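> Have a look; sequence and predicted model below, questions after that.
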Amino acid sequence: HQSYLVPEDNPLTLFRLMVGISTSPYLGYSESSPVGTRPAANIGIYARVVHAEQKSKDRYKVFSILINACYFLQIVVAASLTAMGAAGVSHGAVTAFGAINTIIAGLLTFLKGSGLPARLKYYGNEWKKIREFIEQRERDFSRTGCTLDVYEVVATIDRMYNNTKQEIE
């Protein structure tokens, strides 16, 4: 039965289906699919790119907040150390605060040495480039007389997606 195939004379619909902007019930996207269920939904590249972009942005925000909180905490601990030293507080308390400051410095060094949060911002921007490319091609295909080849554009998107995915992993 061929009725579930998208006619190739409609490049916009074909493009949307091929990159996953829209889907066919025959891809088994939901449990009520006409062809039965699948172990996992066939969501397409577009949904994966949008999800990866959002995940990168969210992680960037979390790590930015964590790093800035550590910087602030380190300032508070250092100021406390200075005050305790001037007040002649016991050596044990000074040593404990010194150890806490060293742990915070170590955590910051590890996070910054890992390239965080800048690396996550970079990843989000890479996914954003792919998403924007897909969205622009969708607009292009919606124009009357568009001469772009759907298969070439989808192949370019596949390459962009795979290159970004490989770079991130």
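Arrived safely.
> average pLDDT for whichever helix in the chain runs longest?
Longest helix in the chain, counting residues (DSSP state H): helix 44-87. Summarised as a single mean, pLDDT over helix 44-87 is 96.
> How far off centre is it?
17 Å (Cα atoms, centre = their mean, to the nearest Å).
> After it, which helix or strand is next?
helix 91-113 (DSSP states H and E).
> Could you check the angle that following helix makes with helix 44-87?
150 degrees (axes from the mean of the first three to the mean of the last three Cα atoms, to 10 degrees).
> Which strands or helices does helix 91-113 pack on?
Applying 3 or more Cβ pairs under 8 Å, 6 or more residues apart in numbering; DSSP states H and E, we find helix 91-113 packed against helix 44-87. (Each C-beta comes from the backbone N, C-alpha and C, glycine too.)
> Who are the packing partners of the helix it packs on?
Using 3+ Cβ pairs under 8 Å, 6+ apart, helix 44-87 is in contact with helix 11-19, helix 91-113, helix 118-142, helix 150-168.
> send the alpha carbons of the second one over as PDB?
Listed in PDB are the C-alpha atoms of helix 91-113, where the atom choice follows Å, rounded to 0.1, in the frame of the first residue of the first chain:
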ATOM      1  CA  HIS A  91      44.300  27.700  64.300                       C
ATOM      2  CA  GLY A  92      41.800  24.900  63.800                       C
ATOM      3  CA  ALA A  93      39.100  27.200  62.500                       C
ATOM      4  CA  VAL A  94      41.600  29.000  60.200                       C
ATOM      5  CA  THR A  95      42.800  25.700  58.900                       C
ATOM      6  CA  ALA A  96      39.200  24.500  58.200                       C
ATOM      7  CA  PHE A  97      38.400  27.700  56.300                       C
ATOM      8  CA  GLY A  98      41.600  27.400  54.400                       C
ATOM      9  CA  ALA A  99      40.800  23.900  53.400                       C
ATOM     10  CA  ILE A 100      37.300  24.900  52.300                       C
ATOM     11  CA  ASN A 101      38.800  27.700  50.200                       C
ATOM     12  CA  THR A 102      41.300  25.200  48.700                       C
ATOM     13  CA  ILE A 103      38.400  22.800  47.800                       C
ATOM     14  CA  ILE A 104      36.400  25.600  46.200                       C
ATOM     15  CA  ALA A 105      39.600  26.700  44.200                       C
ATOM     16  CA  GLY A 106      40.100  23.100  43.100                       C
ATOM     17  CA  LEU A 107      36.500  22.800  41.900                       C
ATOM     18  CA  LEU A 108      36.700  26.100  40.000                       C
ATOM     19  CA  THR A 109      40.000  25.000  38.400                       C
ATOM     20  CA  PHE A 110      38.500  21.700  37.400                       C
ATOM     21  CA  LEU A 111      35.400  23.300  35.900                       C
ATOM     22  CA  LYS A 112      37.200  26.000  34.100                       C
ATOM     23  CA  GLY A 113      39.900  23.500  33.000                       C
END
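> No further questions, thank you.
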